[in-house]
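In: model the structure of this input:
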Amino acid sequence: MDDIKITARALSGAEKSVFIGFPGSGLVGSIALQYLVEQMDFEQIGSITSKYFPPVALMAKGVINVPVRLYEMDNLVAIVSDVPIHPMICYEVANGIMDWLTQFDLREVVTIAGIITNEPEKRVFGVATTSSALRRIEGRTIILPMGSISGIAASVLTECKMRDIPGMGLLGETVNTPDPRASAATIEVLNKVYGLNLDTKPLIEQAVEIEAAMAQIAEQMQKAEAQPKREQLPMYG
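Out: A predicted model of the protein is given here:
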């Protein structure tokens, strides 16, 4: 815990389900959980800082906010990050987070991340650390029969496995650009598992706006590439 500093009040109650989302492919986890805590009025109860995090301070309308935040509502806890974690220090960060969480009575931990495929669908793939945890997402996700996952989500699930804490991973099918549609798909799984009834239509509308902006940028880049190069321009004088 010397390298991971968690400043937060103690979790209230028992049987907590913890959602964790860090930036990764498509920003699926961070987009999904930031939307969830805002729409469902989670209370921010603390923050996480570390010498391992990038030296970045994010702001909104001039107000600084910490890049990794803890939220709570009823029996749900969310850890939302705006900064990615380098693969070399995923173990240290996951270990520090789990050291703090295991002080409390946890029901399970759910990591949300993206998985890049060559398909246009927005499916959600699922993995779990125990057979009982796997049954909670069977029928609601496509269970990965074999293979591997990587990054901070994998490190957290590995810590869950080592500590005998039920863990589940939701992997939204995505491309390597911000993907609110994939985030919305993972939220729909959370809706079914936890009965959240969270409306994802505003998030889909955000996806339409992002896609339109990306299309406009792509068109501008194509036009720029079509412009004659300097050495091809006629010379005057």
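
In: only C-alpha atoms from now on, for both contacts and neighbour counts.
Out: Fine.

In: the longest strand anywhere in the chain - contacts with which helices or strands?
Out: Longest strand in the chain by number of residues, with DSSP state E as the criterion: strand 106-116. Packing partners of strand 106-116 (3 or more Cα pairs under 8 Å, 6 or more residues apart in numbering; DSSP states H and E): strand 16-21, helix 28-39, helix 151-163, strand 167-174.

In: and the angle from it to helix 151-163?
Out: Orientation check (axes from the mean of the first three to the mean of the last three Cα atoms, to 10 degrees): strand 106-116 against helix 151-163 gives 150 degrees.

In: I would like the residues contacting strand 106-116, please.
Out: Applying Cα atoms under 8 Å, 6 or more residues apart in numbering, the contact partners of strand 106-116 are 14-29, 153, 156-157, 160, 165-176, 182, 186.

In: need the next SSE after it, C-terminal direction.
Out: Of the helices and strands lying after strand 106-116 in sequence (DSSP states H and E), the nearest is strand 124-128.

In: neighbouring strands for that next one, and are they parallel or not?
Out: Using DSSP bridges, strand 124-128 pairs in its sheet with strand 142-143 (parallel), strand 167-174 (antiparallel).

In: Asp3 - nearest residue in space that isn't next to it in sequence?
Out: Distances taken as Cα to Cα, 6 or more residues apart in numbering put Ser50 closest to Asp3, at 5.8 Å, once the chain neighbours are dropped.

In: distance of the one you found relative to Phe42?
Out: 23 Å (Cα to Cα, to the nearest Å).

In: and for Ala207?
Out: For Ala207, the distance to Phe42 equals 23 Å [Cα to Cα].

In: count of residues packed around the residue nearest to Asp3?
Out: 17 (other Cα atoms under 10 Å).

In: same check on Asp199?
Out: 14.

In: specify the local secondary structure of it.
Out: Here Asp199 is coil, with the state taken from DSSP: H, G, I helix; E, B strand; the rest coil.

In: okay, now the unreliable bits of this structure?
Out: Low-confidence segments of the chain, defined by pLDDT under 70: 1-2, 211, 213-215, 217-218, 220-237.

In: who touches the residue nearest in space to the middle of it in this structure?
Out: Computing the C-alpha centroid of the chain and ranking residues by Cα atoms, centre = their mean puts Gly29 first, at 1.5 Å. Applying Cα under 8 Å, 6+ apart to Gly29 gives the contacts Ile20, Gly21, Phe22, Pro23, Thr111, Ile112, Ala113, Gly114, Ser183.

In: may I have the beta-bridge partners of the residue nearest to Val77 when sequence neighbours are not counted?
Out: Nearest residue to Val77, sequence neighbours excluded (Cα to Cα, 6+ apart): Val18, at 4.6 Å. In this structure, Val18 bridges to Val77, Val109 when assessed by DSSP bridges.
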